[in-house]
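# kindly generate the corresponding structure for this input.
(one chain, ligands or ions: 4)
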Amino acid sequence: MDLKNLIKELEVESIYGPIDVQIDNIHYDSRLIKPGGLFICIEGFMTDGHNYINEAIENGAVAIAVEKEIHEDRVPIIRFKNTRRAMASIASNFYGKPSQLLDMIGVTGTNGKTSVTYIIKSILENYDRKTAIIGTLATLINNEKMYSARTTPESLDLQGLFRKMIDGDVDTCIMEVSSHSLELNRVDEVSFKVGIFTNLTPDHLDFHSTMDNYREAKKKLFYKTTHCNIINLDDEAGRIIVKDIKNLDTPLLTYSINNPADFVAENIHNNGKELSFDVVGPENFNIKLTLKTPALFAVYNALASIACCYSLGVPADIIADGLNAFIGVPGRFQSIDGLKEFSAVVDYAHTPDALENVLKAAKEFTKNKLITVFGCGGDRDQTKRPVMGEIAGKYSDFSIITSDNPRSEDPYVILSMIEEGIKRTKGNYIIIEDRKEAIREAVKMAEAGDLIVIAGKGHETTQIVKDRVLVFDDKQVVLEVAGEEGRI
Ligand SMILES: CC(=O)N[C@H]1[C@@H](OP(=O)(O)OP(=O)(O)OC[C@H]2O[C@@H](n3ccc(=O)[nH]c3=O)[C@H](O)[C@@H]2O)O[C@H](CO)[C@@H](O)[C@@H]1O[C@H](C)C(=O)N[C@@H](C)C(=O)N[C@H](CCC(=O)O)C(=O)O
Ligand SMILES: Nc1ncnc2c1ncn2[C@@H]1O[C@H](COP(=O)(O)OP(=O)(O)OP(=O)(O)O)[C@@H](O)[C@H]1O
Ligand SMILES: N[C@H](CCC[C@H](N)C(=O)O)C(=O)O
Ligand SMILES: [Mg+2]
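Ligands and ions are numbered 1, 2, ... in the order given. Presented below is the predicted three-dimensional model:
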């Protein structure tokens, strides 16, 4: 595509050089540029894309997009106020505005995004929709699974994925919209049909600084929607968002267990293994559900998904069938089969709220002692560490604090921050930095009727230590050590 056409609707600060050049590839990483490429310079948190212009030109860049004053006469330079913002528009133009051709469903909130996207997918697929998913686990387009380092990819990658969906005849894209993505312009130029809010609890405060900023970032999704916004009324931030968006033209559907709302769950029964309840909604909507999990938050994820599918015109019986058949998401309250006498659950709880909910549900489910194995990620919000320690100490009979992706940090510093919190409780604990040995210790100490909860990594298959990415899968490791210890 011609550079002139790519940028024709964009606000430009300045242009140096002729812009009637053909652009064959676009990248924000100089290392990926190929001949005929447009290199977009992004000022990052670790380094600055403007430092790699030489390398991009050596690799074949024929034009550079910048947001700083750059003097360069080898190739045309286009300066924008904000290159992340510009990248979203350029990418959308380059791929033919693909999101306009899809029914886009965006899910935001601290916890539950992945779960809700998979529930919606399972319902819509019984309704002749051809769906794709973008989120933490992977991007799924038809039978192809693509892994991404982030829950919500950069705008350039995202628009490329939408194009792939259109080419694969997908009609509906269900995606997780992280607060980072809303703040860093990754979903600019994406027109969402439906926006869903799950909940807001402390996380990512290293990035957003305050809970108010974090909420405001999430709120941006609901100004990008055309068909329906769906909000959890049992969540304080949800109630604030509802007030703030009340004058928008986009219709609103609310859901709740404890407050009057459009969709309400009633008669909830938890037998420690399954949850059964009724969902009552507009136009005599009334379905009975049984979910194969004891975790109460699953009711909220079901309600959000129901409201979404209802807004898309899916009949109540199809919604109920989809939910009753839903087998869960890998690494979300996933029971490990085949263990002798004791049980184990692997869960992705990596925030204080998620850990508390999971341990509460686990307590319902445990016949004897609850043993928790968990840690906190390095290079991530440090404030959650002592809080998660305190929660583990409060609910568990025994906790084993261990590493969860220490990344560039000293693992023992992270562990001691968690320990600060657990020390405030009466909870018994030990620290075993090596995650495999921590799981082994839990398996060794487990007696008949005990439940081990291994939290924080869920579906993940790696452990990131400094710049090494080691193979590590909680689900496999627990079975492996149980085998070695004669507990299978
Ligand atoms: C805080 C954050 O989101 N950072 C993202 C941001 O990094 P950054 O701006 O700091 O980039 P940088 O590394 O400083 O580099 C600046 C620029 O120079 C370029 N570069 C760099 C080196 C080189 O040789 N040549 C070159 O061109 C880079 O490609 C980049 O465009 O932009 C990078 C690429 O554009 C992202 O990879 C990076 O995500 C990092 C890996 C990350 O961990 N992000 C997490 C926190 C995140 O986004 N999480 C959310 C929420 C998760 C959830 O709760 O679900 C998510 O959506 O995943
Ligand atoms: N509605 C919910 N409310 C509170 N906690 C939840 C909810 N749904 C799931 N959880 C907990 O949060 C964990 C993560 O769930 P899920 O992966 O669905 O969330 P997410 O929002 O996609 O997370 P991420 O931000 O990492 O992408 C689960 O393993 C579970 O412990
Ligand atoms: N999307 C979350 C995942 C955290 C998972 C946990 N295992 C960790 O590494 O901290 C994040 O990037 O903060
Ligand atoms: Mg997710």
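# check the secondary structure at the nearest residue in space to E154 that is not next to it in sequence for me.
Nearest residue to E154 in three dimensions, chain neighbours excluded: R186, at 5.6 Å (Cβ to Cβ, 6 or more residues apart in numbering). Backbone N, C-alpha and C define where each C-beta goes, glycine included. Three-state assignment for R186 (DSSP: H, G, I helix; E, B strand; the rest coil): coil.
# kindly report the residues of the stretch 51-200 of the chain close to ligand 2.
Residues of the stretch 51-200 of the chain found near ligand 2 (Cβ under 6 Å from any ligand atom) are 109, 111-115, 136, 151, 176, 198-199.
# ChimeraX command for the buried members of those?
Buried members of those, defined by 16 or more other Cβ atoms under 10 Å, are picked up in ChimeraX with:
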select :109,111,112,113,114,115,136,151,176,198,199
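# would a markdown table of the residues of the stretch 51-200 of the chain next to ligand 2 with pLDDT and secondary structure be doable?
Listed next are these as a markdown table, based on pLDDT from 0 to 100; DSSP: H, G, I helix; E, B strand; the rest coil:
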| residue | pLDDT | secondary structure |
| --- | --- | --- |
| G109 | 97 | coil |
| N111 | 95 | coil |
| G112 | 97 | coil |
| K113 | 97 | helix |
| T114 | 97 | helix |
| S115 | 97 | helix |
| T136 | 96 | coil |
| T151 | 96 | coil |
| E176 | 98 | strand |
| T198 | 98 | coil |
| N199 | 97 | coil |
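# so where's the stretch 301-450 of the chain uncertain?
The model of the stretch 301-450 of the chain has no residue with pLDDT under 70.
# contact residues of it facing ligand 3?
The stretch 301-450 of the chain comes close to ligand 3 at residues 350, 377, 380, 404-405, as judged by Cβ under 6 Å from any ligand atom.
# between these, which is nearest ligand 1?
Among these, R380 lies closest to ligand 1 (Cβ to the nearest ligand atom), at 7.3 Å.
# about what we covered before: between the residues of the stretch 301-450 of the chain next to ligand 3, which has the most around it?
Within those, D404 tops the neighbour count with 26 neighbours, counted by other Cβ atoms under 10 Å.
# might one say that that residue is in contact with R380?
No: when contacts are counted by Cβ atoms under 8 Å, D404 is not listed as touching R380 (9.4 Å).
# over to I240: give its phi and psi.
Dihedral pair for I240: phi -60, psi -40, per degrees, to the nearest 10.
# that one: how many residues sit nearby?
Neighbours of I240 under the rule other Cβ under 10 Å: 16.
# what about the closest residue to it other than its chain neighbours, neighbour count?
Of all residues not flanking I240 in the chain, R215 sits nearest, at 6.6 Å (Cβ to Cβ, 6+ apart). Here the count is done by other Cβ under 10 Å, and R215 has 19 residues near it.
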